[in-house]
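Enquirer: Provide a 3D model corresponding to the input given below.
(one chain, ligands or ions: 1)
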Amino acid sequence: MPHARLSLDPAFVVAPVSRHTFGTFIEHLGRCVYGGIHDPGHPTADEDGFRGDVLEFVRDLGISTVRYPGGNFVSGYRWEDGVGPVGDRPVRKDLAWHTTEPNTVGVDEFMRWAKKAGVEPMMAVNLGTRGVQEAVDLIDYTNGTGGSFHSDLRKKNGSADPYDVKFWCLGNEMDGPWQIGHRTAKEYGRLASETARAMRLVDPDLTLVACGSSGSSMPTFGTWEREVLEETYDEVDLISMHAYYWEEEGDLASFLASGVEMDHFIEDVVASVDHVRAAMKRKKRINVSFDEWNVWYLNGDASKNPTDWPVAPVLLEDQYSVADAVVVGSLLISLLKHSDRVASASLAQLVNVIAPIMTETGGRSWKQTTYHPFAQPSRYATGDVLRIEAQSPVHETTKYGAVPAIDSVATHDPETGDLVVFAINRSLTESITVDVDTRAFGALRLVEATQLSNPDPYLKVTVDTADSVAPVANPNTSWSDSTLEVVLPPLSWNTVRLAKV
Ligand code: AHR
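Expert: Residues are numbered from 1 along each chain as shown. This is a model prediction of the structure:
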(Lines give C-alpha, C1' and ligand atoms only; values in the text may rest on other atoms or scores of the structure.)
Protein backbone atom coordinates (compact mmCIF):
# COMPACT_ATOMS: atom_id res chain seq x y z
CA MET A 1 0.00 0.00 0.00
CA PRO A 2 1.42 3.49 -0.81
CA HIS A 3 2.59 5.62 2.10
CA ALA A 4 2.44 9.33 2.93
CA ARG A 5 4.06 11.14 5.82
CA LEU A 6 2.74 14.28 7.47
CA SER A 7 5.05 16.15 9.86
CA LEU A 8 3.42 18.63 12.18
CA ASP A 9 4.88 21.21 14.52
CA PRO A 10 3.13 23.83 16.67
CA ALA A 11 5.62 26.38 15.29
CA PHE A 12 4.42 25.95 11.68
CA VAL A 13 1.73 28.58 12.17
CA VAL A 14 0.14 30.07 9.05
CA ALA A 15 -2.29 32.33 10.93
CA PRO A 16 -4.95 32.12 13.61
CA VAL A 17 -8.07 30.26 12.46
CA SER A 18 -10.48 32.95 11.25
CA ARG A 19 -14.07 32.11 12.13
CA HIS A 20 -14.97 34.16 9.05
CA THR A 21 -13.63 31.31 6.90
CA PHE A 22 -16.85 29.47 7.73
CA GLY A 23 -19.31 31.88 6.14
CA THR A 24 -22.08 31.06 3.67
CA PHE A 25 -24.44 32.90 1.37
CA ILE A 26 -28.19 33.45 1.00
CA GLU A 27 -29.40 34.99 -2.24
CA HIS A 28 -32.92 35.75 -3.43
CA LEU A 29 -32.53 32.98 -5.98
CA GLY A 30 -34.74 29.95 -6.58
CA ARG A 31 -35.84 28.42 -3.28
CA CYS A 32 -32.98 29.64 -1.13
CA VAL A 33 -35.11 32.21 0.70
CA TYR A 34 -38.70 31.19 -0.12
CA GLY A 35 -39.16 27.51 0.72
CA GLY A 36 -35.61 27.41 2.11
CA ILE A 37 -35.18 29.58 5.19
CA HIS A 38 -38.69 31.09 4.96
CA ASP A 39 -41.71 28.84 4.68
CA PRO A 40 -44.61 30.10 6.81
CA GLY A 41 -46.76 27.03 6.07
CA HIS A 42 -44.12 24.61 7.32
CA PRO A 43 -44.89 22.65 10.51
CA THR A 44 -41.67 23.91 12.15
CA ALA A 45 -42.15 27.56 11.07
CA ASP A 46 -41.89 30.13 13.85
CA GLU A 47 -43.85 33.36 14.32
CA ASP A 48 -41.76 34.99 11.54
CA GLY A 49 -42.27 32.12 9.09
CA PHE A 50 -38.70 30.77 9.47
CA ARG A 51 -38.23 27.03 9.29
CA GLY A 52 -37.05 25.58 12.59
CA ASP A 53 -35.57 22.48 10.93
CA VAL A 54 -33.37 24.64 8.68
CA LEU A 55 -32.33 26.84 11.61
CA GLU A 56 -31.22 23.69 13.44
CA PHE A 57 -29.06 22.59 10.50
CA VAL A 58 -27.62 26.08 10.20
CA ARG A 59 -26.65 26.14 13.88
CA ASP A 60 -25.16 22.66 13.55
CA LEU A 61 -23.06 23.77 10.56
CA GLY A 62 -21.46 26.37 12.83
CA ILE A 63 -21.65 29.16 10.27
CA SER A 64 -20.04 32.52 11.07
CA THR A 65 -21.25 35.01 8.43
CA VAL A 66 -24.06 34.91 5.88
CA ARG A 67 -23.76 37.09 2.80
CA TYR A 68 -27.08 38.62 1.62
CA PRO A 69 -29.12 39.40 -0.57
CA GLY A 70 -26.97 38.47 -3.61
CA GLY A 71 -25.20 37.60 -5.83
CA ASN A 72 -26.40 38.68 -9.23
CA PHE A 73 -29.76 39.52 -7.65
CA VAL A 74 -28.34 42.47 -5.73
CA SER A 75 -27.38 44.33 -8.91
CA GLY A 76 -31.03 45.05 -9.70
CA TYR A 77 -32.34 45.17 -6.14
CA ARG A 78 -34.11 48.09 -4.48
CA TRP A 79 -33.73 47.37 -0.78
CA GLU A 80 -36.61 49.73 0.08
CA ASP A 81 -38.99 47.27 -1.64
CA GLY A 82 -38.36 44.79 1.15
CA VAL A 83 -39.16 46.93 4.20
CA GLY A 84 -42.42 48.06 5.80
CA PRO A 85 -45.79 46.26 5.86
CA VAL A 86 -45.51 43.12 3.75
CA GLY A 87 -48.86 43.78 2.02
CA ASP A 88 -47.61 47.13 0.72
CA ARG A 89 -44.38 45.81 -0.78
CA PRO A 90 -44.09 45.83 -4.58
CA VAL A 91 -43.73 42.65 -6.60
CA ARG A 92 -40.93 43.01 -9.14
CA LYS A 93 -39.25 41.16 -11.95
CA ASP A 94 -35.78 39.92 -10.97
CA LEU A 95 -33.82 40.31 -14.19
CA ALA A 96 -30.81 38.37 -12.93
CA TRP A 97 -32.62 35.05 -12.60
CA HIS A 98 -35.73 35.76 -14.69
CA THR A 99 -38.07 35.23 -11.76
CA THR A 100 -40.61 37.25 -9.80
CA GLU A 101 -39.58 38.67 -6.44
CA PRO A 102 -42.49 39.06 -3.99
CA ASN A 103 -40.36 40.98 -1.45
CA THR A 104 -41.97 39.12 1.45
CA VAL A 105 -38.51 38.79 2.95
CA GLY A 106 -36.29 41.87 3.10
CA VAL A 107 -33.65 43.43 5.31
CA ASP A 108 -35.63 43.32 8.58
CA GLU A 109 -36.68 39.70 8.13
CA PHE A 110 -33.15 38.68 7.20
CA MET A 111 -31.73 40.40 10.28
CA ARG A 112 -34.27 38.61 12.48
CA TRP A 113 -33.35 35.30 10.88
CA ALA A 114 -29.61 35.97 11.30
CA LYS A 115 -30.13 36.66 15.00
CA LYS A 116 -32.04 33.42 15.46
CA ALA A 117 -29.40 31.51 13.52
CA GLY A 118 -26.58 33.11 15.53
CA VAL A 119 -24.76 34.33 12.40
CA GLU A 120 -23.22 37.66 11.46
CA PRO A 121 -24.81 39.37 8.44
CA MET A 122 -22.57 40.35 5.54
CA MET A 123 -24.56 42.68 3.31
CA ALA A 124 -24.03 43.63 -0.32
CA VAL A 125 -25.06 46.99 -1.81
CA ASN A 126 -26.33 47.39 -5.35
CA LEU A 127 -23.69 49.06 -7.53
CA GLY A 128 -25.26 47.75 -10.73
CA THR A 129 -28.38 49.87 -11.19
CA ARG A 130 -27.79 52.08 -8.13
CA GLY A 131 -25.02 53.96 -6.41
CA VAL A 132 -23.74 56.08 -3.53
CA GLN A 133 -27.05 57.49 -2.33
CA GLU A 134 -28.90 54.20 -2.01
CA ALA A 135 -25.94 52.57 -0.25
CA VAL A 136 -25.80 55.45 2.23
CA ASP A 137 -29.56 55.21 2.83
CA LEU A 138 -29.27 51.48 3.45
CA ILE A 139 -26.45 51.79 5.93
CA ASP A 140 -28.33 54.49 7.78
CA TYR A 141 -31.31 52.12 7.86
CA THR A 142 -29.26 49.23 9.28
CA ASN A 143 -26.76 51.08 11.47
CA GLY A 144 -28.21 54.52 12.25
CA THR A 145 -29.13 55.17 15.85
CA GLY A 146 -32.17 57.38 15.09
CA GLY A 147 -32.99 60.98 14.30
CA SER A 148 -32.70 60.52 10.54
CA PHE A 149 -35.32 59.44 8.01
CA HIS A 150 -33.96 55.95 7.37
CA SER A 151 -32.93 55.04 10.91
CA ASP A 152 -36.32 56.22 12.15
CA LEU A 153 -37.99 54.19 9.42
CA ARG A 154 -36.26 51.07 10.76
CA LYS A 155 -37.59 51.89 14.22
CA LYS A 156 -41.07 52.40 12.81
CA ASN A 157 -40.73 49.01 11.12
CA GLY A 158 -40.17 47.37 14.49
CA SER A 159 -36.41 47.38 15.17
CA ALA A 160 -35.54 49.96 17.81
CA ASP A 161 -31.87 48.96 17.95
CA PRO A 162 -29.49 49.29 15.01
CA TYR A 163 -28.43 46.02 13.39
CA ASP A 164 -24.86 47.29 13.40
CA VAL A 165 -23.83 45.46 10.21
CA LYS A 166 -20.06 45.71 9.87
CA PHE A 167 -19.30 43.61 6.80
CA TRP A 168 -20.29 45.10 3.40
CA CYS A 169 -19.66 44.04 -0.20
CA LEU A 170 -19.46 46.91 -2.68
CA GLY A 171 -21.55 45.31 -5.42
CA ASN A 172 -21.25 41.85 -6.91
CA GLU A 173 -19.18 40.46 -9.81
CA MET A 174 -19.05 43.81 -11.56
CA ASP A 175 -16.48 42.42 -14.04
CA GLY A 176 -19.03 39.97 -15.47
CA PRO A 177 -20.87 40.91 -18.69
CA TRP A 178 -23.89 39.03 -17.26
CA GLN A 179 -24.07 41.44 -14.35
CA ILE A 180 -26.83 44.05 -14.46
CA GLY A 181 -24.96 47.36 -14.66
CA HIS A 182 -21.65 45.66 -15.55
CA ARG A 183 -18.77 48.18 -15.67
CA THR A 184 -15.17 48.49 -16.64
CA ALA A 185 -12.63 48.20 -13.82
CA LYS A 186 -11.99 51.95 -13.83
CA GLU A 187 -15.71 52.82 -13.80
CA TYR A 188 -16.41 50.32 -11.04
CA GLY A 189 -13.33 51.33 -9.05
CA ARG A 190 -14.39 54.98 -9.01
CA LEU A 191 -17.94 54.13 -7.96
CA ALA A 192 -16.80 51.67 -5.29
CA SER A 193 -14.34 54.17 -3.89
CA GLU A 194 -16.91 56.97 -3.62
CA THR A 195 -19.50 54.60 -2.17
CA ALA A 196 -17.04 53.33 0.43
CA ARG A 197 -16.11 56.88 1.44
CA ALA A 198 -19.74 57.90 1.82
CA MET A 199 -20.70 54.74 3.74
CA ARG A 200 -17.91 55.44 6.21
CA LEU A 201 -19.27 58.93 6.75
CA VAL A 202 -22.37 57.23 8.18
CA ASP A 203 -20.45 54.53 10.07
CA PRO A 204 -16.63 54.68 10.14
CA ASP A 205 -16.27 51.22 11.65
CA LEU A 206 -16.89 49.02 8.60
CA THR A 207 -15.11 46.21 6.76
CA LEU A 208 -15.56 46.91 3.05
CA VAL A 209 -15.03 44.45 0.22
CA ALA A 210 -14.27 45.55 -3.35
CA CYS A 211 -15.29 43.24 -6.21
CA GLY A 212 -12.43 41.22 -7.59
CA SER A 213 -12.78 38.92 -10.58
CA SER A 214 -15.64 36.45 -10.90
CA GLY A 215 -13.14 33.73 -11.66
CA SER A 216 -9.58 33.16 -12.78
CA SER A 217 -10.70 32.50 -16.37
CA MET A 218 -12.19 35.97 -16.82
CA PRO A 219 -10.34 37.75 -19.65
CA THR A 220 -9.76 40.77 -17.41
CA PHE A 221 -8.46 38.73 -14.43
CA GLY A 222 -5.33 40.34 -12.98
CA THR A 223 -5.80 43.63 -14.77
CA TRP A 224 -9.21 44.01 -13.12
CA GLU A 225 -7.72 43.61 -9.62
CA ARG A 226 -4.99 46.13 -10.38
CA GLU A 227 -7.25 48.77 -11.89
CA VAL A 228 -9.93 48.42 -9.22
CA LEU A 229 -7.41 48.65 -6.40
CA GLU A 230 -5.67 51.64 -7.95
CA GLU A 231 -8.97 53.45 -7.42
CA THR A 232 -10.03 51.90 -4.10
CA TYR A 233 -6.87 50.90 -2.21
CA ASP A 234 -7.25 53.43 0.58
CA GLU A 235 -10.99 52.91 0.98
CA VAL A 236 -11.43 49.14 1.16
CA ASP A 237 -10.20 46.33 3.38
CA LEU A 238 -10.69 43.22 1.28
CA ILE A 239 -10.98 42.20 -2.35
CA SER A 240 -13.43 39.47 -3.33
CA MET A 241 -12.71 36.21 -5.08
CA HIS A 242 -15.34 33.87 -6.54
CA ALA A 243 -14.67 30.37 -7.85
CA TYR A 244 -16.96 27.58 -8.89
CA TYR A 245 -15.63 24.19 -9.87
CA TRP A 246 -17.99 22.94 -12.54
CA GLU A 247 -19.39 19.42 -12.48
CA GLU A 248 -17.12 16.49 -13.24
CA GLU A 249 -17.48 15.54 -16.90
CA GLY A 250 -15.33 12.54 -17.70
CA ASP A 251 -12.13 13.60 -15.93
CA LEU A 252 -12.60 12.71 -12.29
CA ALA A 253 -8.85 12.78 -11.58
CA SER A 254 -8.58 16.47 -12.58
CA PHE A 255 -11.83 17.38 -10.83
CA LEU A 256 -10.41 16.01 -7.58
CA ALA A 257 -7.46 18.37 -7.98
CA SER A 258 -9.70 21.49 -7.99
CA GLY A 259 -8.04 22.55 -4.73
CA VAL A 260 -4.77 22.99 -6.62
CA GLU A 261 -6.51 25.44 -8.95
CA MET A 262 -7.91 27.30 -5.95
CA ASP A 263 -4.41 27.48 -4.41
CA HIS A 264 -3.05 29.07 -7.60
CA PHE A 265 -5.98 31.47 -7.90
CA ILE A 266 -5.51 32.74 -4.33
CA GLU A 267 -1.76 33.12 -4.82
CA ASP A 268 -2.32 35.04 -8.09
CA VAL A 269 -4.82 37.43 -6.50
CA VAL A 270 -2.51 38.03 -3.54
CA ALA A 271 0.33 38.78 -5.99
CA SER A 272 -1.87 41.27 -7.92
CA VAL A 273 -2.95 42.96 -4.70
CA ASP A 274 0.59 43.21 -3.37
CA HIS A 275 1.79 44.62 -6.68
CA VAL A 276 -0.60 47.55 -6.25
CA ARG A 277 0.53 47.97 -2.64
CA ALA A 278 4.14 48.21 -3.76
CA ALA A 279 3.40 50.51 -6.70
CA MET A 280 1.28 52.82 -4.54
CA LYS A 281 3.82 52.66 -1.70
CA ARG A 282 1.23 51.75 0.90
CA LYS A 283 1.78 49.94 4.19
CA LYS A 284 -1.76 48.66 4.53
CA ARG A 285 -2.34 45.11 3.34
CA ILE A 286 -5.49 44.18 1.45
CA ASN A 287 -6.65 40.63 2.09
CA VAL A 288 -9.16 38.37 0.40
CA SER A 289 -12.87 37.80 0.94
CA PHE A 290 -13.49 34.53 -0.94
CA ASP A 291 -17.18 35.21 -0.84
CA GLU A 292 -18.46 32.63 -3.33
CA TRP A 293 -16.99 29.13 -3.68
CA ASN A 294 -18.44 25.70 -4.36
CA VAL A 295 -18.99 22.93 -6.89
CA TRP A 296 -21.72 23.85 -9.41
CA TYR A 297 -23.40 21.70 -12.09
CA LEU A 298 -23.56 24.66 -14.43
CA ASN A 299 -24.51 22.63 -17.49
CA GLY A 300 -27.42 20.89 -15.79
CA ASP A 301 -31.07 21.79 -16.46
CA ALA A 302 -31.32 23.19 -12.93
CA SER A 303 -29.08 26.08 -13.97
CA LYS A 304 -31.21 27.21 -16.93
CA ASN A 305 -33.15 30.42 -16.29
CA PRO A 306 -36.95 30.07 -16.53
CA THR A 307 -38.84 31.92 -19.26
CA ASP A 308 -42.13 32.56 -17.44
CA TRP A 309 -41.01 34.66 -14.41
CA PRO A 310 -42.04 32.22 -11.65
CA VAL A 311 -41.82 32.95 -7.91
CA ALA A 312 -39.20 30.83 -6.12
CA PRO A 313 -38.77 28.13 -8.79
CA VAL A 314 -36.46 25.14 -8.54
CA LEU A 315 -33.15 26.68 -9.67
CA LEU A 316 -29.55 25.52 -9.22
CA GLU A 317 -30.76 22.66 -7.00
CA ASP A 318 -27.71 20.51 -7.61
CA GLN A 319 -27.54 17.14 -5.96
CA TYR A 320 -24.01 16.45 -4.76
CA SER A 321 -22.00 13.24 -4.96
CA VAL A 322 -19.29 11.67 -2.83
CA ALA A 323 -16.65 13.10 -5.21
CA ASP A 324 -18.21 16.56 -4.83
CA ALA A 325 -17.89 16.24 -1.04
CA VAL A 326 -14.18 15.38 -1.37
CA VAL A 327 -13.69 18.39 -3.65
CA VAL A 328 -15.55 20.71 -1.25
CA GLY A 329 -13.30 19.40 1.54
CA SER A 330 -10.21 20.08 -0.56
CA LEU A 331 -11.40 23.64 -1.28
CA LEU A 332 -11.84 24.28 2.41
CA ILE A 333 -8.33 22.89 3.01
CA SER A 334 -7.05 25.39 0.41
CA LEU A 335 -8.86 28.28 2.13
CA LEU A 336 -7.48 27.29 5.53
CA LYS A 337 -3.95 26.90 4.14
CA HIS A 338 -4.16 30.51 2.96
CA SER A 339 -5.57 31.89 6.20
CA ASP A 340 -2.76 34.45 6.32
CA ARG A 341 -4.40 36.22 3.34
CA VAL A 342 -7.95 34.83 3.10
CA ALA A 343 -9.70 36.77 5.82
CA SER A 344 -13.18 35.50 5.11
CA ALA A 345 -15.04 33.10 2.84
CA SER A 346 -18.61 32.15 1.97
CA LEU A 347 -19.73 28.77 0.73
CA ALA A 348 -22.27 29.55 -1.99
CA GLN A 349 -25.00 28.98 -1.08
CA LEU A 350 -26.75 27.79 2.10
CA VAL A 351 -30.14 26.23 1.30
CA ASN A 352 -31.46 24.53 -1.87
CA VAL A 353 -29.36 26.59 -4.31
CA ILE A 354 -26.02 24.77 -4.82
CA ALA A 355 -26.32 24.12 -1.12
CA PRO A 356 -25.36 21.78 1.71
CA ILE A 357 -28.94 21.89 3.08
CA MET A 358 -31.97 20.85 1.01
CA THR A 359 -35.67 21.22 1.71
CA GLU A 360 -39.04 20.29 0.30
CA THR A 361 -41.24 23.38 0.46
CA GLY A 362 -43.63 22.58 3.31
CA GLY A 363 -41.91 19.23 3.87
CA ARG A 364 -38.72 17.45 4.81
CA SER A 365 -35.14 18.71 4.92
CA TRP A 366 -31.83 16.88 4.63
CA LYS A 367 -28.06 17.17 4.45
CA GLN A 368 -26.20 16.87 1.16
CA THR A 369 -22.86 15.03 0.97
CA THR A 370 -21.09 18.40 0.96
CA TYR A 371 -22.54 19.32 4.35
CA HIS A 372 -19.98 17.21 6.22
CA PRO A 373 -16.63 18.53 4.91
CA PHE A 374 -17.86 22.00 5.88
CA ALA A 375 -19.38 21.08 9.25
CA GLN A 376 -16.34 19.24 10.61
CA PRO A 377 -13.73 21.99 10.08
CA SER A 378 -16.25 24.59 11.14
CA ARG A 379 -16.82 22.67 14.38
CA TYR A 380 -13.28 21.51 15.17
CA ALA A 381 -10.81 24.03 13.68
CA THR A 382 -9.69 26.26 16.54
CA GLY A 383 -6.52 28.09 17.51
CA ASP A 384 -3.91 28.30 14.76
CA VAL A 385 -3.83 26.95 11.23
CA LEU A 386 -0.68 24.86 10.81
CA ARG A 387 1.19 24.19 7.60
CA ILE A 388 1.99 20.50 7.21
CA GLU A 389 5.28 19.22 5.81
CA ALA A 390 3.96 16.43 3.64
CA GLN A 391 5.48 13.66 1.60
CA SER A 392 2.81 12.08 -0.53
CA PRO A 393 2.48 9.77 -3.51
CA VAL A 394 1.38 11.68 -6.59
CA HIS A 395 -1.95 11.74 -8.36
CA GLU A 396 -1.73 12.17 -12.14
CA THR A 397 -4.16 14.58 -13.81
CA THR A 398 -4.54 15.76 -17.39
CA LYS A 399 -5.36 19.31 -16.30
CA TYR A 400 -2.78 19.98 -13.58
CA GLY A 401 -0.11 17.33 -14.13
CA ALA A 402 1.08 15.40 -11.07
CA VAL A 403 -0.35 16.68 -7.79
CA PRO A 404 -0.07 15.21 -4.26
CA ALA A 405 -2.56 12.41 -3.65
CA ILE A 406 -2.87 13.49 -0.04
CA ASP A 407 -3.80 17.11 0.58
CA SER A 408 -4.05 18.23 4.19
CA VAL A 409 -4.01 21.03 6.71
CA ALA A 410 -4.01 21.05 10.52
CA THR A 411 -5.24 23.29 13.28
CA HIS A 412 -3.79 23.48 16.76
CA ASP A 413 -5.29 25.24 19.72
CA PRO A 414 -2.46 26.29 22.07
CA GLU A 415 -4.99 26.86 24.86
CA THR A 416 -6.71 23.48 24.86
CA GLY A 417 -3.98 21.48 23.13
CA ASP A 418 -6.48 20.17 20.54
CA LEU A 419 -4.83 19.15 17.30
CA VAL A 420 -6.95 18.35 14.23
CA VAL A 421 -5.86 17.14 10.80
CA PHE A 422 -8.14 17.48 7.78
CA ALA A 423 -7.07 15.46 4.74
CA ILE A 424 -8.30 14.13 1.43
CA ASN A 425 -7.07 11.15 -0.52
CA ARG A 426 -7.39 11.94 -4.23
CA SER A 427 -6.42 8.50 -5.45
CA LEU A 428 -9.29 6.90 -7.34
CA THR A 429 -8.16 3.38 -6.59
CA GLU A 430 -5.68 3.17 -3.74
CA SER A 431 -5.88 3.41 0.00
CA ILE A 432 -2.88 5.32 1.35
CA THR A 433 -1.29 4.71 4.73
CA VAL A 434 -0.55 8.06 6.30
CA ASP A 435 1.96 8.47 9.16
CA VAL A 436 1.15 11.59 11.15
CA ASP A 437 4.20 12.61 13.15
CA THR A 438 3.05 14.55 16.23
CA ARG A 439 6.24 14.29 18.35
CA ALA A 440 6.56 18.07 18.61
CA PHE A 441 3.29 18.28 20.58
CA GLY A 442 4.14 16.04 23.53
CA ALA A 443 1.75 13.39 24.78
CA LEU A 444 -1.51 13.24 22.86
CA ARG A 445 -4.44 10.87 22.65
CA LEU A 446 -6.59 10.04 19.67
CA VAL A 447 -10.10 11.42 20.12
CA GLU A 448 -11.47 10.17 16.81
CA ALA A 449 -10.58 9.55 13.19
CA THR A 450 -13.42 9.71 10.69
CA GLN A 451 -13.67 9.09 6.97
CA LEU A 452 -16.26 9.94 4.34
CA SER A 453 -15.93 7.69 1.31
CA ASN A 454 -17.82 5.28 -0.87
CA PRO A 455 -16.81 2.82 -3.58
CA ASP A 456 -19.10 4.79 -5.94
CA PRO A 457 -17.71 8.34 -6.35
CA TYR A 458 -20.89 9.39 -8.14
CA LEU A 459 -23.23 8.29 -5.37
CA LYS A 460 -25.65 11.08 -4.42
CA VAL A 461 -28.02 11.12 -1.49
CA THR A 462 -31.73 11.90 -1.45
CA VAL A 463 -34.03 12.87 1.38
CA ASP A 464 -34.50 9.14 2.10
CA THR A 465 -30.82 8.17 1.99
CA ALA A 466 -29.18 11.29 3.41
CA ASP A 467 -27.46 9.41 6.25
CA SER A 468 -25.81 6.92 3.92
CA VAL A 469 -22.94 9.29 3.04
CA ALA A 470 -21.56 10.80 6.23
CA PRO A 471 -18.35 10.61 8.25
CA VAL A 472 -17.91 7.29 10.05
CA ALA A 473 -15.15 6.05 12.36
CA ASN A 474 -12.02 5.01 10.50
CA PRO A 475 -11.26 1.46 11.69
CA ASN A 476 -7.67 1.51 10.40
CA THR A 477 -5.78 3.66 12.88
CA SER A 478 -2.95 2.85 15.28
CA TRP A 479 -0.50 4.70 17.57
CA SER A 480 3.16 4.13 18.11
CA ASP A 481 5.72 6.56 19.49
CA SER A 482 3.77 9.79 18.85
CA THR A 483 3.08 8.69 15.32
CA LEU A 484 -0.43 8.01 14.24
CA GLU A 485 -0.83 5.57 11.42
CA VAL A 486 -4.11 5.95 9.60
CA VAL A 487 -5.25 4.39 6.35
CA LEU A 488 -7.19 6.82 4.15
CA PRO A 489 -9.50 5.07 1.68
CA PRO A 490 -9.47 6.06 -2.01
CA LEU A 491 -11.39 9.24 -2.81
CA SER A 492 -12.09 10.22 0.77
CA TRP A 493 -12.50 13.17 3.13
CA ASN A 494 -10.92 12.59 6.55
CA THR A 495 -10.78 14.24 9.96
CA VAL A 496 -8.39 13.17 12.73
CA ARG A 497 -8.80 14.71 16.17
CA LEU A 498 -6.13 14.51 18.85
CA ALA A 499 -6.11 15.98 22.34
CA LYS A 500 -3.61 16.54 25.13
CA VAL A 501 -3.26 13.63 27.54
O1 AHR B 1 -24.17 31.78 -6.49
C2 AHR B 1 -24.79 31.88 -7.73
C3 AHR B 1 -24.32 33.07 -8.55
O4 AHR B 1 -22.98 32.86 -8.92
C5 AHR B 1 -24.30 34.41 -7.86
O6 AHR B 1 -25.51 35.06 -7.91
C7 AHR B 1 -23.27 35.17 -8.66
O8 AHR B 1 -22.61 36.14 -7.89
C9 AHR B 1 -22.34 34.10 -9.18
O10 AHR B 1 -22.11 34.23 -10.53
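Enquirer: which residues does whichever residue of the stretch 301-450 of the chain sits closest to the ligand contact?
Expert: Residue nearest to the ligand within the stretch 301-450 of the chain: Ala348 (4.2 Å; Cβ to the nearest ligand atom). (Each C-beta comes from the backbone N, C-alpha and C, glycine too.) When contacts are counted by Cβ atoms under 8 Å, 6 or more residues apart in numbering, Ala348 is found next to 24-25, 27, 71, 242, 244, 291-294, 354.
Enquirer: same check on Ser344?
Expert: 18, 20-21, 23, 65, 122, 167, 238, 289-291.
Enquirer: tell me what it is bridged to.
Expert: Ser289 (DSSP bridges).
Enquirer: quick one, phi/psi of the residue in the chain that the ligand sits nearest to?
Expert: Proximity of the chain to the ligand (Cβ to the nearest ligand atom) peaks at Gly71, 2.9 Å away. Note on Gly71: backbone dihedrals following degrees, to the nearest 10 are phi 70, psi 170.
Enquirer: give me the neighbour count for the closest residue to it other than its chain neighbours.
Expert: In space, and not counting its chain neighbours, Gly71 is closest to Glu27: 3.5 Å by Cβ to Cβ, 6 or more residues apart in numbering. By other Cβ atoms under 10 Å, the residues close to Glu27 number 25.
Enquirer: what pLDDT does Glu27 get?
Expert: Note for Glu27: predicted pLDDT of 98.
Enquirer: and it, which of the three is it?
Expert: What DSSP: H, G, I helix; E, B strand; the rest coil gives for Glu27 is coil.
Enquirer: show the contacting residues for it.
Expert: 33, 68-74, 348-349, 353.
Enquirer: let's have those residues in TSV, adding pLDDT and secondary structure.
Expert: Putting the contacts of Glu27 into TSV (pLDDT from 0 to 100; DSSP: H, G, I helix; E, B strand; the rest coil) gives the following:
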residue	pLDDT	secondary structure
Val33	98	coil
Tyr68	98	strand
Pro69	98	coil
Gly70	96	coil
Gly71	97	coil
Asn72	98	helix
Phe73	98	helix
Val74	98	helix
Ala348	97	coil
Gln349	95	coil
Val353	97	coil
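Enquirer: go through the residues you listed and name the one nearest Thr142.
Expert: Tyr68 (11.3 Å; Cβ to Cβ).
Enquirer: give me every residue in this protein lying close to the ligand.
Expert: Neighbours of the ligand within the chain, by Cβ under 6 Å from any ligand atom: 27, 70-72, 172-173, 214, 292, 348-349.
Enquirer: buried stuff in the lowest-mean-pLDDT helix or strand in the chain?
Expert: In the chain, no helix or strand scores lower on mean pLDDT, DSSP states H and E than strand 477-480, which sits at a mean of 87. Neighbour counts over strand 477-480 (16 or more other Cβ atoms under 10 Å) mark Thr477 as buried.
Enquirer: Glu415: neighbour count?
Expert: 7.
Enquirer: ok, it touching Gly383?
Expert: Yes - the pair Glu415 / Gly383 is scored as a contact, 6.8 Å apart, by Cβ atoms under 8 Å.
Enquirer: what are the neighbouring residues in contact with Ile180?
Expert: Going by Cβ under 8 Å, 6+ apart, Ile180 touches 72, 75-76, 95-96, 128-129.
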